[in-house]
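1. only the shape, not the letters, is given here:
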Ligand SMILES: [Zn+2]
């Protein structure tokens, strides 16, 4: 009984950890720029005002993946998913199998 609930707790943390890794990785990759988002909303993404503003802002802009298409984002998410599962998941797989071998 106690062992089962310990496993459930462990699996819960595995899921949380994998999701957290995914979110952090994805945010680093897409580097959301709040300034760009605000100005885009106010001026319009394709307006002349925005392109003038963006030229000045570009060197300090944190949004490095402006040109990325949806297809690229899907691909990136796929890579991140695989990498995160390897980084986060495998660590726990080892913990789990270690625990099994003792019994
Ligand atoms: Zn920006």
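-> Received, thanks. What you see is a predicted model, and the numbers here were worked out from it, not measured in a lab. Numbering: from 1, shown residues only.

2. what residues does this protein put near the ion?
-> For the chain, the residues in contact with the ion (C-beta under 5 Å from the ion) are 33, 35-36, 61, 63. Quick note: C-beta positions are derived from backbone N, CA and C, even for glycine.

3. let's see 8 Å
-> The chain comes close to the ion at residues 33-37, 39, 54, 57-58, 60-63, as judged by C-beta under 8 Å from the ion.

4. which of those residues count as buried?
-> 33, 36, 39, 54, 63 (16 or more other C-beta atoms under 10 Å).

5. farthest-separated two in those?
-> For those, the farthest-apart pair by C-beta to C-beta is 39 and 63; their separation is 11.2 Å.

6. neighbours of residue 20, how many?
-> 13 (other C-beta atoms under 10 Å).

7. that one and the ion: what is the separation?
-> Counting by C-beta to the ion, to the nearest Å, the gap from residue 20 to the ion is 25 Å.

8. how about residue 45?
-> Taking C-beta to the ion, one finds residue 45 at 12 Å from the ion.

9. show the backbone phi and psi for that residue.
-> The phi/psi pair for residue 45 (degrees, to the nearest 10) reads phi -60, psi -30.

10. what's downstream of the helix or strand residue 5 falls within, the next helix or strand?
-> Per DSSP states H and E, residue 5 falls inside helix 2-30. Reading on from helix 2-30 to the C-terminus, the next helix or strand found by DSSP H and E is helix 34-43.

11. what helices and strands are in contact with that next one?
-> Judged by 3 or more C-beta pairs under 8 Å, 6 or more residues apart in numbering; DSSP states H and E, the packing partners of helix 34-43 are helix 48-57.
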